[in-house]
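Asks: Sequence and predicted structure below; questions after.
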Amino acid sequence: PPRSTPDGDGFGVDGVKFEPTPPRSTPDNDGFGVDEVKFEPTFAAFNEIEPVQNQPNELSSDDVVEQEEVQVLEESKDSTSSEPEIVSPFEVVLSDLLSTKVKSSAAAAIIRGPPAARHFGGNRGGLASVHTNFGIKPDGVGPIAISGPDKSLVFFSDRDPPGRTYPIGASGAVLSDIMDENYSEYMCCFLAREKRMIIFELTRKTVVVELQMKTKLNFWRYLPPEAHGGELAFVLITPIGGFYWKPLENPPRPRQVWKRSAELESKKVITYEEGGSNGQSGADARSTVALLLVSSPVSSDANVEAYCISMDGESSQLLVSDDVQGAALCRPPTPDASSAYFLPFVVTVQNNYETSQLVLTVEDLTQDSSDGKSLVRGVTLASAILDLTDVSNESFAPPPMSMGSSPEVLVCCNQDFIVAVIRSRGLVFAYDFTTDLMESGGQSTSSGNLSLVGKHELGRYVVDAAIRPNGDNQVELVTLLRESNDSKDGRIATIII
């Protein structure tokens, strides 16, 4: 089909199909029928073992992906770990080795992780508390997609069998939540050599849309529905800035939502999330702040920096810290956080070099009173030292990972819980965060409190972690661990807090 000419944003859209129906044999009058898309034969052979295409998977030196041959997922042989349970204030379930659930090459690919994305997708704890779950488990822990030249594998941390293989060749892929009562689930695939992105709907086995890119893809992730009015959306971060891509929108061209400042132009994005609410409901609901952790693209030992960016079209950028161990956004614990306008709190973990201690801090975000747009740091609400005096001194080496080993601390927020995970020590610290709020015109916060719920030693390097609700007043932390004696194997640990 004829391709649209890319604008200055570096994107061109073609092969468009909006109706969530199976492919038709006769193309529309506009020439964009799904049958004309060359990826459609993929779906004609869904769930066949033999590959039906051989899509190129070569990457330029600018990409962060290393190739990994992957094999077909096998069913789990046993869901019970043979290792003794570690004494903990939490309920902890440790799975069998990944290599007992999948082929060893697939286990290594899962540990390595997807290109330019986090394994489980990233934190969601700073968004409005309005979310509808359509899956068996609450959303918050994304599946891990591993792609090869002939097929893509999707590994779920909480399903049995743990995953499926699709005859879709790609350089990388990220997946959405289950989006509706029809169990619609979308996989966004990137083909590096062709600089092309394709959205597949996995339940109905259809191609939704293709996107031609004339720019580099630095980072990408699926965005939770609370960030953008409940629609299917992915964020694509390029050298220009951040773009929303809504594949079901008409037309489905990515829309720029923030621009890189001079300080961010050459930085590698290692995590991305959004938080806050504009106070609108339904399709008009939007997040108010983005949080990026970035580092030097050439030095693995460079400091990690944390930036907040306003999502109001002004792209106001605030340097939160130029040397942070980890950071996340946290929703203010107020009853109206589902409907009122709010800016999220910022949670950071920083190294106090004078005392050699890691300090977790929760700060308020406000807007500059002079223009009402620029983001400024507010008051420090609460802080706590991550006490290492009564834990093991053992450190664990990271495995080879597509995104590297930064940040050192993963911060996960959900409801009133803030969890900090020191990756190289295998340590989990869980806090209950409360605040005393006073309203005076806008949001004003007087003080807060961090109460240690407990801590746990996992005894392994933590590859990634994510959090989701688990009933009333409980959360479930899901971690992917590297096995200490094998850098290409690991386990899933689930911690009930």
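Replies: Perfect, I can see it now.
Asks: and the residue lying closest to Phe417 once chain neighbours are set aside, how many neighbours does it have?
Replies: Ranked by Cβ to Cβ, 6 or more residues apart in numbering and with sequence neighbours excluded, the top spatial neighbour of Phe417 is Val475, at 5.0 Å. To be clear about C-beta, it is placed using only N, CA and C from the backbone, and glycine gets the same treatment. Neighbour count of Val475, defined by other Cβ atoms under 10 Å: 24.
Asks: Lys103 now?
Replies: Lys103 has 16 neighbouring residues, counting by other Cβ under 10 Å.
Asks: Can you pull the phi/psi pair for it?
Replies: phi -60, psi 150 (degrees, to the nearest 10).
Asks: Ok, Ser266 next?
Replies: Per degrees, to the nearest 10, the backbone of Ser266 is at phi -100, psi 10.
Asks: Next: Ile270.
Replies: phi -110, psi -20.
Asks: wait, it sits on Pro297?
Replies: No: contact status for Ile270 versus Pro297: not in contact, 10.2 Å apart, counting by Cβ atoms under 8 Å.
Asks: So between those two, which is more surrounded?
Replies: Neighbours were counted for Ile270 and for Pro297 using other Cβ under 10 Å; Ile270 has more, 20 against 13.
Asks: that older thread, read off the pLDDT value for the residue nearest to Phe417.
Replies: Listed pLDDT for Val475 reads 95.
Asks: Please apply the same query to the one 5 residues further on.
Replies: Among the per-residue scores, Leu480 shows a pLDDT of 98.
Asks: So the closest residue to it other than its chain neighbours, which state does it fall into?
Replies: Closest residue to Leu480 apart from its sequence neighbours, by Cβ to Cβ, 6+ apart: Val463 at 4.3 Å. Val463 falls in the strand class when you classify it by DSSP: H, G, I helix; E, B strand; the rest coil.
Asks: ok, how many other residues are close to Val463?
Replies: 25.
Asks: swap in Asp301?
Replies: If you count neighbours by other Cβ under 10 Å, Asp301 ends up with 7.
Asks: Quick check: Ile168 touching Phe200?
Replies: Yes: at 6.4 Å, Ile168 counts as touching Phe200 under the criterion of Cβ under 8 Å.
Asks: on that earlier part again, is the residue nearest to Phe417 in a bridge, and if so with what?
Replies: Note on Val475: beta-bridge partners by DSSP bridges are Pro469.
Asks: how close does it sit to Val379?
Replies: 26 Å (Cβ to Cβ, to the nearest Å).
Asks: cool, and Gly471?
Replies: In terms of Cβ to Cβ, Gly471 sits 33 Å off from Val379.
Asks: Likewise for Val141?
Replies: Relative to Val379, and taking Cβ to Cβ, Val141 is found at 32 Å.
Asks: who has more neighbours, these two?
Replies: It is Val141, of Val141 and Val379, that has more neighbours when counted by other Cβ under 10 Å, with 27 against 13.
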